[in-house]
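1. this one's structure only:
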């Protein structure tokens, strides 16, 4: 792989991407996968919730539980993708541990949902365990995990430590310990957390970073603030003043309409700067800002644009916005 600003993407072999629902974390996960694969990495994209449309967004077919290649790049990079249903992960793990007979007995006695209902966190652990096996076997240079939304991301990632506290022996405890080891290893796993430049998403990002980074001990990539409006220095001028500068005449209605639009733009940028300042004051991680894309429907072109922005050093900052 070449050195083109993507080194941080592959600093760990697993990247867990999470954020509040609606902030674009799945889109950012797709952009991260694209950027790394374009630079030569063999990327496995795992959609935990099986969100519809992610396969086509990356230029391939819909993602399912069978691995498929979505994209190939010059230089050897590629994006493969799959989902990991908990029941499939359950069978794979028991087979790996040589307890296929137990699987048959469990299947005849109760379904996995019934077993999982008696063991909170088990389904999450099974999925994480499969991801751990993919990472440990070096099946990809980078595993990008499109995690559940923020409200479910922490329980998803905490399942291993939670089960370690209540299960005292057997294959479930072994799996929990192995997953916990992966999550604690900065070279094996890091999280990429995503928000919008708005009060509630930034608050949830700060809380999620504390929960996963400070409490759970999961290493964090730079924090991503998606959907940022571009700075417009010209908004500091009134429309009348701007018109005079360019020797133009504006009608009263035009002045009022332009002033309303300018006021809206100034308000949005002030809110954005305030929230970015609040995030940088609360966290030490660098912050990456991604542009707001003026399109009703995201496609491959937008993923490429976000991939470019994700690795552009101009968008990576550690200083408080002025």
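-> Perfect, I can see it now. No experiment lies behind these values; they were computed from the predicted model shown.

2. ok, residue 133 to residue 175 distance?
-> In this view, residue 133 and residue 175 are 10 Å apart by Cβ to Cβ, to the nearest Å. From N, CA and C alone the C-beta is placed, and that goes for glycine too.

3. same thing with residue 33?
-> Residue 33 is 26 Å from residue 175, by Cβ to Cβ.

4. Between the two, point out the one with more neighbours.
-> Between residue 33 and residue 175, counted using other Cβ atoms under 10 Å, the more crowded position is residue 33 (31 against 27).

5. For that one, give me its contacts.
-> By Cβ atoms under 8 Å, 6 or more residues apart in numbering, the contact list for residue 33 reads 43, 45, 58, 79, 142, 144.

6. Please repeat the previous calculation with a cut-off of 7 Å.
-> Residue 33 is in contact with 43, 45, 79, 144, counting by Cβ atoms under 7 Å, 6 or more residues apart in numbering.

7. ok but it is inside a helix, no?
-> Yes - looking at residue 33 with DSSP: H, G, I helix; E, B strand; the rest coil, it is inside a helix.

8. Assign the nearest residue to residue 239 once chain neighbours are set aside to helix, strand or coil.
-> Nearest non-adjacent residue to residue 239, counting by Cβ to Cβ, 6 or more residues apart in numbering: residue 258, 3.7 Å away. The local conformation at residue 258, judged by three-state DSSP, is helix.

9. in the stretch 101-250 of the chain, which spans are strands?
-> 142-146, 189-195, 219-220, 223-228 (DSSP state E, counting those that start in this stretch).

10. what comes into contact with the first one?
-> When contacts are taken as Cβ under 7 Å, 6+ apart, the neighbours of strand 142-146 outside the stretch itself are 9-10, 13-17, 26, 29, 32-33, 36, 41, 43-48, 51, 54, 131, 134-135.

11. picking up where we left off before, residue 248 is nearest to which of the strands of the stretch 101-250 of the chain?
-> Residue 248 sits nearest to strand 223-228 of all these, at 30.2 Å, using Cβ to Cβ.

12. which parts of the closest one are buried?
-> 223, 224, 225, 226, 227, 228 (16 or more other Cβ atoms under 10 Å).

13. Quick one: list the elements packing against it.
-> Other helices and strands packing on strand 223-228, by 3 or more Cβ pairs under 7 Å, 6 or more residues apart in numbering; DSSP states H and E, are strand 189-195, helix 252-282, strand 287-291.

14. Mean neighbour count, the ones you listed: which tops it?
-> strand 189-195 (a mean of 26; mean count of other Cβ atoms under 10 Å).

15. Show me the helices in the stretch 1-150 of the chain, by range?
-> Using DSSP state H, counting those that start in this stretch, the helices of the stretch 1-150 of the chain run over residues 25-38, 54-57, 86-96, 100-109, 112-118, 122-136, 150-166.

16. Quickly note the distance from residue 262 to residue 256.
-> For residue 262 relative to residue 256 (Cβ to Cβ), the value is 11 Å.

17. And for residue 128?
-> According to Cβ to Cβ, residue 128 and residue 256 sit 57 Å apart.

18. Now the terminal residues of stretch 212-221, how far apart.
-> In stretch 212-221, first residue to last residue: 12 Å (Cα to Cα, to the nearest Å).

19. again, but for stretch 203-215
-> Terminal residues of stretch 203-215 lie 17 Å apart, using Cα to Cα.

20. How far does it sit from its chain's centre?
-> Distance of stretch 203-215 from the chain centroid (Cα atoms, centre = their mean, to the nearest Å) equals 14 Å.

21. Report the rounded mean pLDDT for that stretch.
-> For stretch 203-215, mean pLDDT rounds to 94.

22. Give me the buried positions along that stretch.
-> For stretch 203-215, a neighbour-count test (16+ other Cβ under 10 Å) marks 203, 204, 205, 206, 208, 209, 211, 212, 213 as buried.

23. Just grab the bridge partners of residue 143 for me.
-> When assigned by DSSP bridges, residue 143 has beta-bridge partners residue 14, residue 44.

24. burial measure for residue 77, as a count.
-> 22.

25. What backbone torsions are found at it?
-> Residue 77 adopts backbone torsions of phi -70, psi 150, taken as degrees, to the nearest 10.

26. circling back to that earlier point, now a PyMOL select for only the buried ones of the contacts of strand 142-146.
-> Per 16+ other Cβ under 10 Å, the buried members of these correspond to this PyMOL selection:
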select buried, resi 9+10+13+14+15+16+17+26+29+32+33+36+41+43+44+45+46+47+48+54+131+134+135
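
27. Good, we can wrap up now.
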